[in-house]
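# how does the following fold in three dimensions:
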Amino acid sequence: MKFIMVRSYFWCLYLLSVSILFCQDKKSNSSKSLFDFQKSLIDKKISGSNEIIIFKEGNIVYNNIQNSFKDGDKKITNETLFPIWSMSKVITTIGILQLIEKGLIEINDPVSKYIPSFSSLNCMFLDPNDPKINGYGRKDDRIYKCKNQMKIIHLLSHRSGFATPEYFYVDAIRSKNLKELMNIISKEPLHYEPGTKYLYGINQSILGRVAEVVSGKSFDAFLKESLFIPLEMHNTDFYLNSETKKLLQPLYVNGGNLEGFNQDGITGLGNMMTYHIDSQTPLGAEGILTTSGDFANFCKMLLQGGKFKDKKIISSKSIGLMTQKYSESYPKEYWGEQWLLGFYKGLSVFILEDPEKMKLKAPKNIYGWSGLQNTFFWIDPKSSLFGIFMSRSMSSGIPVKDLLNSVYEVF
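A predicted model of the protein is given here:
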């Protein structure tokens with residue numbers, strides 16, 4: 001009997017060892033797959049140095065910095081600052097939802113209640129025979145007074161009719177504050193009637209001014225108080241000083257004939273962001289700088305239904321509101337992003353409805369967004385997982401399908 005018990009003990013120990021080795025091997029294989037993906041972005045000249053964080057079931061299961069070691073690039077550290085561009089929109093949306101929860105804003109309020117210059121907006125005439133609806137960022141002298149009132153919900157869902165005006169970033173630098181900038185852009189005609197079509201644009205920068213009016217604080221101060229401090233996002237801001245500028249990741253540019261690293265990141269009027277407090281209004285649609293660790297705290301809060309370290313930041317009901325369907329995917333919405341087939345649009349986030357459209361291994365209902373200079377994140381409530389991709393580049397763009405599938409092959 002003693003022999004049988006000892007043999008059973010060693011058999012169990014053997015099975016446990018095999019199990020551990022199998023799990024380690026599986027984890028190693030998964031890491032290699034993601035390592036290879038990150039390295040391939042550098043080899044294919046899509047990105048410079050880049051970082052991936054995968055968090056699952058309460059733990060970071062993968063965190064790798066892949067440095068390019070190219071001349072002009074910098075090694076990424078936990079202090080590296082990334083301009084996250086349109087991922088700012090999701091942060092701004094959470095801030096606005098907080099104000100809605102407090103009863104300070106109603107989701108169907110007219111925008112003109114908070115920004116008087118929006119009380120008399122113009123719309124461009126549309127040619128019903130043009131399937132492209134006359135193009136994004138177009139100019140047309142034929143304008144008329146819009147019939148529909150622009151509402152808060154239209155800004156949140158990118159159904160306001162606002163594109164990004166041609167000189168928006170120049171105006172943002174010239175303006176003393178968001179109030180002055182809003183007065184300038186209120187003279188821009190809308191592409192179409194508010195509430196009628198999806199069109200990605202500067203909506204959350206307009207919402208930044210709404211937050212200022214309601215809170216009585218500048219937009220950057222409002223976000224710091226309502227989100228950055230409670231989420232321990234201590235390195236997140238709209239501005240750089242002489243010290244923090246040293247932490248800014250250089251911009252890798254690959255435009256075919258032009259390749260290299262740009263230290264200030266300004267490549268043209270379309271993405272002119274100085275991040276200087278004296279020459280930049282705080283833009284809620286594109287202006288936030290953050291570290292991967294800070295942004296991971298924001299993602300943890302979303303994954304945990306609005307809570308962070310037992311602090312309620314926002315209700316799960318508001319996150320549910322954010323992830324409802326407000327706009328269809330392309331081609332039902334012509335200006336829906338073609339690189340997100342099978343994803344519908346919520347309030348400044350994509351939500352995966354049909355993984356088969358892009359042959360994705362991710363489950364339904366993951367949601368998140370990306371940034372102009374190749375940043376990307378998603379939240380996966382079903383798998384208790386979130387993922388963050390950080391880099392700084394202007395190139396052909398991250399292959400989102402490959403990123404997601406590389407992660408879900410194992411995690």
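
# going by C-alpha atoms from here, please, whenever you check contacts or count neighbours.
Will do.

# now the strands for the stretch 301-411 of the chain?
307-308, 311-312, 343-345, 350-352, 367-371, 375-380, 385-390, 393-394 (DSSP state E, counting those that start in this stretch).

# save those strands as CSV, and put in distance to E79 and mean neighbour count too.
CSV is the format used below for the strands of the stretch 301-411 of the chain (distance: least, CA to CA, whole Å; neighbours: other CA atoms under 10 Å):
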stretch, distance to E79, mean neighbour count
strand 307-308, 21, 19
strand 311-312, 25, 12
strand 343-345, 32, 26
strand 350-352, 28, 25
strand 367-371, 19, 22
strand 375-380, 16, 22
strand 385-390, 13, 23
strand 393-394, 18, 24
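
# by mean pLDDT, show me the worst of those.
Comparing mean pLDDT across those, the weakest is strand 393-394, with a mean of 93.

# any chance of the strands of the stretch 301-411 of the chain in JSON lines, plus distance to I65?
JSON lines is the format used below for these (distance: least, CA to CA, whole Å):
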{"stretch": "strand 307-308", "distance to I65": "25"}
{"stretch": "strand 311-312", "distance to I65": "30"}
{"stretch": "strand 343-345", "distance to I65": "29"}
{"stretch": "strand 350-352", "distance to I65": "26"}
{"stretch": "strand 367-371", "distance to I65": "19"}
{"stretch": "strand 375-380", "distance to I65": "14"}
{"stretch": "strand 385-390", "distance to I65": "9"}
{"stretch": "strand 393-394", "distance to I65": "15"}
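
# closest to G58 out of those?
Using CA to CA as the measure, strand 385-390 is the one of the strands of the stretch 301-411 of the chain that comes nearest G58, at 8.4 Å.

# other SSEs contacting the closest one?
strand 50-56, helix 292-303, strand 375-380 (3 or more CA pairs under 8 Å, 6 or more residues apart in numbering; DSSP states H and E).

# give me the domain ranges for this protein.
What automatic domain parsing lists as the domains of the chain is 35-87+234-408, 94-222.

# how about the ones you listed in a markdown table, adding distance to F228?
Shown next, in a markdown table, are the domains of the chain (distance: least, CA to CA, whole Å):
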| stretch | distance to F228 |
| --- | --- |
| domain 35-87+234-408 | 6 |
| domain 94-222 | 9 |
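
# just give me the neighbour total for S117.
17 (other CA atoms under 10 Å).

# so it, which state does it fall into?
helix (DSSP: H, G, I helix; E, B strand; the rest coil).

# for it, give its distance to A285.
Shown here: S117 relative to A285, a distance of 20 Å by CA to CA, to the nearest Å.

# then F82?
15 Å.

# now this protein, which segments are flagged as low pLDDT?
Applying pLDDT under 70 to the chain flags residues 1-31, 128-135, 266-270.

# Provide a list of residues in contact with the residue nearest in space to the middle of it.
The C-alpha lying nearest the average C-alpha coordinate of the chain belongs to M87 (CA atoms, centre = their mean; 2.0 Å). Residues in contact with M87, defined by CA atoms under 8 Å, 6 or more residues apart in numbering, are 285-286, 369-371, 375-376.

# with G137 instead?
Taking CA under 8 Å, 6+ apart, one finds 163-166 in contact with G137.

# mind giving me the PyMOL select for the residues you listed, buried ones only?
Here is the PyMOL command that selects the buried residues among those (16 or more other CA atoms under 10 Å):
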select buried, resi 163+164+165
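
# just the contacts of G137 now: which is nearest L248?
Nearest to L248, judged by CA to CA, of the contacts of G137 is T164 at 25.3 Å.

# who's the closest spatial neighbour of that closest one, skipping the chain neighbours?
G201 (5.1 Å; CA to CA, 6 or more residues apart in numbering).

# and if you look at N297?
L231 (6.1 Å).

# dihedrals phi and psi, the one you found?
phi -90, psi 10 (degrees, to the nearest 10).

# could you give the number of residues near it?
23.

# check contacts around it.
294, 297-298, 301, 308.

# so how far does stretch 334-348 reach from one end to the other?
Stretch 334-348 has an end-to-end distance of 17 Å (CA to CA).

# for that stretch, give me every contacting residue.
89-90, 93, 132, 156-158, 198-200, 321-331, 350-358, 369.

# can you map out the helices along the stretch 251-400 of the chain?
292-303, 316-322, 400-408 (DSSP state H, counting those that start in this stretch).

# what is the first one packed up against?
Counting by 3+ CA pairs under 8 Å, 6+ apart, the packing neighbours recorded for helix 292-303 are strand 307-308, strand 375-380, strand 385-390.

# let's see 6 Å
On a contact count with 3 or more CA pairs under 6 Å, 6 or more residues apart in numbering; DSSP states H and E, helix 292-303 meets no helix or strand.

# got the angle for it vs strand 385-390?
150 degrees (axes from the mean of the first three to the mean of the last three CA atoms, to 10 degrees).

# list the contacts of helix 292-303.
Outside helix 292-303, the residues within contact range by CA atoms under 6 Å, 6 or more residues apart in numbering are 233, 307-308.

# on that earlier part again, now the helices of the stretch 251-400 of the chain as TSV including mean neighbour count?
Below are these laid out as TSV (neighbours: other CA atoms under 10 Å):
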stretch	mean neighbour count
helix 292-303	22
helix 316-322	16
helix 400-408	16
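
# now render the ones you listed as a markdown table, adding distance to I105.
Putting the helices of the stretch 251-400 of the chain into a markdown table (distance: least, CA to CA, whole Å) gives the following:
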| stretch | distance to I105 |
| --- | --- |
| helix 292-303 | 21 |
| helix 316-322 | 13 |
| helix 400-408 | 35 |
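
# possible to save the helices and strands packed on strand 385-390 as TSV with distance to Y144?
Output for these, formatted as TSV (distance: least, CA to CA, whole Å):
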stretch	distance to Y144
strand 50-56	47
helix 292-303	41
strand 375-380	38
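
# what about stretch 70-79, distance to the chain center?
Put simply, stretch 70-79 sits 22 Å off its chain's centre (CA atoms, centre = their mean, to the nearest Å).

# great, nothing more from me.
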